[in-house]
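[1] Got a sequence here, can you build the structure:
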Amino acid sequence: MKKLLVMLCCCLASAAFAQKDSINIAWDRSISMESRQLEKDVQVLDSLFNLWGDTHVQFLDFSTDQKIMSFDIEGADWSELKSYITSLKYGGTALYNQINDVFSRQPVYIFSDLTSRYKQNRIRISPKSVIVNSSLYTDQRALQRIALISRAKLIDFSTNSVAENSLVQGVVFIDNIPTPNVQFLINGIDSIYSSNNRGAFGLPAKIGDSVLVSSRAYLTSKWLVVGQDFTDQLFLKSGVFQLDEVILTEEKAFGFLKGQVDFDITNKIGVATQKISGDDFGAINTDVGTAVQGRFSGVQLNNASGTPDLSKITMRTQNSMLLNNYGLVVIDGVPQQQSSSVGGSPDAKFDFIDPNQIAEIEVLKGLAATNRFGSLGSNGVILITTKNAKAGLGQAQKSNLNKNTFDDTAQDWSTESLLYYNLLSAQENLESAEKEYFKLRQTNTFDANLYLQAAQFFVDRQQDRLSINCLSSIFEQFGDPIILKSALLQVVSLKSSSQYYKNLLLISEAVLASLNASIDRDYLMFQLKEKQENFKEAYNALSDAGTKIEGSIRNSDLKKIITRDKKDIVSTSSVLKSDNEIPAFLKSPTNLKMRVLFQWNNPLADFDISIVNPNKQLFTFEHTTAQESDEFRDEIRVGGSFKEFEFYDNNIKGEWQFLTAYKGNLDPSNSTPLVLLCTFIRDFGSAIQTKEQYTITLNELNKVVKITSVRL
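    Below is the predicted model of the structure:
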């Protein structure tokens, strides 16, 4: 193998570079290359430097951002470069145009799979370059095509053992998690194909073939047609069976019954009250592990150390070969660190808990766990309530909204309910927080909440590079439109002039172009173009949104918003002001004391936005199927997930409060929280207008929080 590589690199070196005194290397460190076969890349470089001996290396490591380094290789000793390569942290989306920007038309050794989900993110490779791909799962045909068109040499180590010569390849997700052992049956072929332990699959299918995708473990099946439904990422939901034109759905309930009689049991599910009191503990229970062991049905504790270990508790079958199978422990409402069944992080310790101080322990499984703790509760939750906390419990607070008046008790929105945000906040400094983020990623790779909350954390601390790394990683890892829109709203809210942010805006445009056409897509494109001060294209995006508004039930409201934005963008641009094709009425601005706009990520989210005037009168916008269900359906159909509030000079003077309450998600299989982009523009339409823009994340049900207060 080594001799083969030497011969191959020798051939490529002579073909690619006329001089051996300098080499250009581009190294892809996007999140999709995190699983690269590094030893293969090292073999190629070993052979190359052994062949050339002394040389100078111009080294570009790139993702959404880039770093350019120089290395002098003497006597084939490239240990300094090797040390740098092995220390790299992966994340973000690869922007391939950076290779051309740095090396122009010079030949380059490119260590990448050159894979992009977005059409705009394409690479122009200089002739005589060398592509080295060590990613196991890649689109081999696309890579070969790039090499052929570019007249580049290709060294490809991808060994897609699922189906080496497949026409159809990708990764299958069930409930947004890459899933092994999903079966694929091609109509007319007896063989059954399965996804591997990374969820990757390959099928010898051609365009027009019907394929049954099924999983007994997740109780799901669906017929898909190659060329119509197949993409490089397939998303299925558990508990859904599709047979021809008949769809059977395992309904997930919203309410819970816990030991009491409830005559209205529609849409409710019985949850076993598995709870023990601290009084049930005997003298033998000297630690919390022995107190829990054997007390609950279906609950098992790892006993490898000789005593039951609460940090290694399982309540479901170990159905993931890649992700963590251990349950979550919550003490007095605070989620604790989790041990990992796949390794890579130190085990959690609960030896500090005194069983004599425990008031009760309760087990949550299934929907009861995920509704309260999201994906962290997917393996079950152990709720521990201490005697001190029990003694301090009062009556449940009533709603703060009552009879169109407000009693001024809403708490300010905060990040206290964001688990990952708080784990990063607990670190001593930013360097430790960055290390914790990459550590969390090892066991929560496919939890979008990690990336969203980490991005918010780094934004709050003005860390452009890290926040943009988190957001662009979402674009690389996920295909769910709601998750992508959550990230896009955060992108719009950022305030930065850095090159990192400019790169992120380019990627965001590519992401938007990949989504289905809608009013929301066009409006977000307008906001991205405005951020880049590309006012002409921003105006065109608003015009595109306007054409879709014509068929909407909310035609008049949405048209008013689009018109105001057009007037604002025209007043900003001298080019648009002098454009004779723009109607004259759009060249005279609308003046408001304040304009407020809310955008949200999920059309199926149930929530309220309320405004309290200085006289404590309450005005509420309800986003729910219970109110204006036709408008709700219309939003799902054509978009328009935003709402405007306007304030004039004659509005009541004093403090105005903006409140919100998250009621839940009408799609119970989607655990993505509600993300609100809040935009406040003072003196709108004037030369002195100012804009404040930020996002908030809501995941606590029925809790009224104050977004902000504004004095007019």
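
[2] for the stretch 351-500 of the chain, which spans come out with low pLDDT?
    Residue ranges of the stretch 351-500 of the chain with pLDDT under 70: 367-368, 370-371, 374-375, 387-405, 407-408.

[3] quick one, what contacts Lys548?
    By Cβ atoms under 8 Å, 6 or more residues apart in numbering, Lys548 lies in contact with Ala517, Ser518, Ile519, Asp522, Val638, Gly639. In this view, the C-beta of every residue, glycine as well, is placed from N, C-alpha and C.

[4] One more: Phe62?
    Counting by Cβ under 8 Å, 6+ apart, Phe62 touches Ala26, Trp27, Asp28, Arg29, Ala94, Leu95, Gln98, Ile99.

[5] repeat that with 7 Å
    Listed by Cβ atoms under 7 Å, 6 or more residues apart in numbering, the contact set of Phe62 reads Ala26, Asp28, Arg29, Ala94, Leu95, Gln98.

[6] a markdown table please, covering the residues you listed and showing neighbour count, pLDDT and secondary structure.
    What follows is the contacts of Phe62, written out as a markdown table (neighbours: other Cβ atoms under 10 Å; pLDDT from 0 to 100; DSSP: H, G, I helix; E, B strand; the rest coil):
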| residue | neighbour count | pLDDT | secondary structure |
| --- | --- | --- | --- |
| Ala26 | 26 | 96 | strand |
| Asp28 | 23 | 95 | strand |
| Arg29 | 23 | 94 | coil |
| Ala94 | 27 | 90 | coil |
| Leu95 | 23 | 89 | coil |
| Gln98 | 20 | 90 | helix |
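
[7] Can you tell me which of those comes closest to Val363?
    Closest approach to Val363 among the contacts of Phe62 (Cβ to Cβ): Arg29, at 42.0 Å.

[8] Ser63 is in contact with the closest one, correct?
    Yes. Assessed by Cβ atoms under 7 Å, Arg29 is found in contact with Ser63 at 5.1 Å.

[9] hmm, back to that, may I see the contacts of Phe62 arranged in TSV, with distance to Lys206 as well?
    Listed next are those as TSV, based on distance: Cβ to Cβ, whole Å:
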residue	distance to Lys206
Ala26	35
Asp28	31
Arg29	36
Ala94	30
Leu95	33
Gln98	36
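
[10] just those residues now: which is nearest Gly298?
    Nearest to Gly298 among the contacts of Phe62, counting by Cβ to Cβ, is Arg29 at 42.7 Å.

[11] Tell me which helix or strand Tyr539 sits in.
    helix 535-549 (DSSP states H and E).

[12] for the stretch 351-500 of the chain, what spans make up the helices?
    Using DSSP state H, counting those that start in this stretch, the helices of the stretch 351-500 of the chain run over residues 367-373, 387-391, 419-425, 430-443, 448-460, 464-477, 481-493, 499-514.

[13] closest to Leu219 out of the ones you listed?
    Evaluated over the helices of the stretch 351-500 of the chain, closeness to Leu219 peaks at helix 367-373, with 14.6 Å, by Cβ to Cβ.

[14] Mind giving me the packing neighbours of the helix or strand where Val172 lies?
    Using DSSP H and E, Val172 sits within strand 168-174. The helices and strands touching strand 168-174, judged by 3 or more Cβ pairs under 7 Å, 6 or more residues apart in numbering; DSSP states H and E, are strand 200-203, strand 233-236.

[15] I would like the residues contacting the last one, please.
    Around strand 233-236, the neighbours that count as contacts under Cβ under 7 Å, 6+ apart are Gly170, Val171, Val172, Phe173, Ile174, Val213, Thr220, Lys222, Gly479, Asp480.

[16] Now distance to Asn379 and neighbour count too, for those residues, in CSV please.
    Converted to CSV, the contacts of strand 233-236 look like this (distance: Cβ to Cβ, whole Å; neighbours: other Cβ atoms under 10 Å):
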residue, distance to Asn379, neighbour count
Gly170, 27, 19
Val171, 22, 20
Val172, 21, 22
Phe173, 18, 21
Ile174, 15, 23
Val213, 25, 23
Thr220, 19, 21
Lys222, 25, 18
Gly479, 24, 18
Asp480, 21, 16
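
[17] which one among these gets closest to Gly53?
    Among the contacts of strand 233-236, Val171 lies closest to Gly53 (Cβ to Cβ), at 41.9 Å.

[18] contacting residues around the residue nearest to the closest one when sequence neighbours are not counted?
    Spatial nearest neighbour of Val171, excluding adjacent residues (Cβ to Cβ, 6 or more residues apart in numbering): Gly199 at 4.6 Å. Counting by Cβ under 7 Å, 6+ apart, Gly199 makes contact with Val171, Val172, Phe173, Pro178, Thr179, Pro180.

[19] just Asp351 next, same as before
    Contacts of Asp351 by Cβ under 7 Å, 6+ apart are Asp287.

[20] Would you mind identifying the next helix or strand past the helix or strand harbouring Ile149?
    Using DSSP H and E, the element containing Ile149 is helix 140-150. Where DSSP H and E defines the elements, the next helix or strand beyond helix 140-150 is strand 153-156.

[21] elements contacting that next one?
    Judged by 3+ Cβ pairs under 7 Å, 6+ apart, strand 153-156 is in contact with helix 2-16, strand 130-133, helix 140-150.

[22] and the nearest residue in space to Lys531 that is not next to it in sequence, how many neighbours?
    Of all residues not flanking Lys531 in the chain, Leu505 sits nearest, at 5.9 Å (Cβ to Cβ, 6+ apart). Residues within reach of Leu505, counting by other Cβ atoms under 10 Å, total 19.

[23] Give me the distance between Leu505 and Phe647.
    Per Cβ to Cβ, to the nearest Å, Leu505 is found 30 Å from Phe647.

[24] hang on, Ser35 in a helix?
    No. Counting by DSSP: H, G, I helix; E, B strand; the rest coil, Ser35 is not part of a helix but coil.

[25] Run a quick neighbour tally on it.
    14.

[26] swap in Asn133?
    Using other Cβ under 10 Å, Asn133 has 26 other residues around it.

[27] Which pLDDT value goes with it?
    Looking at Asn133, its pLDDT stands at 92.

[28] Quick check: bridge partners of it?
    Note on Asn133: beta-bridge partners by DSSP bridges are Asp156.

[29] and if you look at Val225?
    Residues in a beta bridge with Val225, per DSSP bridges, are Ser210.

[30] Format the CA atom coordinates belonging to stretch 329-336 as CSV.
    Output of stretch 329-336 as CSV, limited to C-alpha atoms (Å, rounded to 0.1, in the frame of the first residue of the first chain):
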residue,chain,number,x,y,z
VAL,A,329,-30.9,13.0,36.2
VAL,A,330,-32.6,16.1,37.4
ILE,A,331,-32.2,17.4,40.9
ASP,A,332,-34.6,20.0,42.2
GLY,A,333,-35.4,21.0,38.6
VAL,A,334,-31.8,21.3,37.5
PRO,A,335,-30.5,18.8,34.8
GLN,A,336,-27.2,17.3,35.8
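
[31] pLDDT on that stretch, on average?
    Mean predicted confidence for stretch 329-336 is 78.

[32] Dead centre of this protein: give me the residue that sits there.
    Ala448 (3.4 Å; Cα atoms, centre = their mean).

[33] Settle this for me: it is touching Ile474, isn't it.
    Yes. Between Ala448 and Ile474 there is a contact under Cβ under 7 Å: 6.2 Å.

[34] May I ask which helix or strand encompasses the closest residue to Val596 other than its chain neighbours?
    Excluding the flanking residues, the one nearest Val596 by Cβ to Cβ, 6+ apart is Phe645, at 4.3 Å. For Phe645, the host element (DSSP H and E) is strand 642-647.

[35] same for the helix or strand just after that strand, what does it pack against?
    Going down the chain from strand 642-647, the next helix or strand is strand 655-665, by DSSP H and E. Using 3+ Cβ pairs under 7 Å, 6+ apart, the elements in contact with strand 655-665 are strand 605-612, strand 704-711.

[36] could you dump the ones you listed to TSV with distance to Ala510, mean pLDDT and mean neighbour count?
    Written out in TSV, the entries for the helices and strands packed on strand 655-665 read as follows (distance: least, Cβ to Cβ, whole Å; pLDDT from 0 to 100; neighbours: other Cβ atoms under 10 Å):
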stretch	distance to Ala510	mean pLDDT	mean neighbour count
strand 605-612	26	91	21
strand 704-711	31	93	16
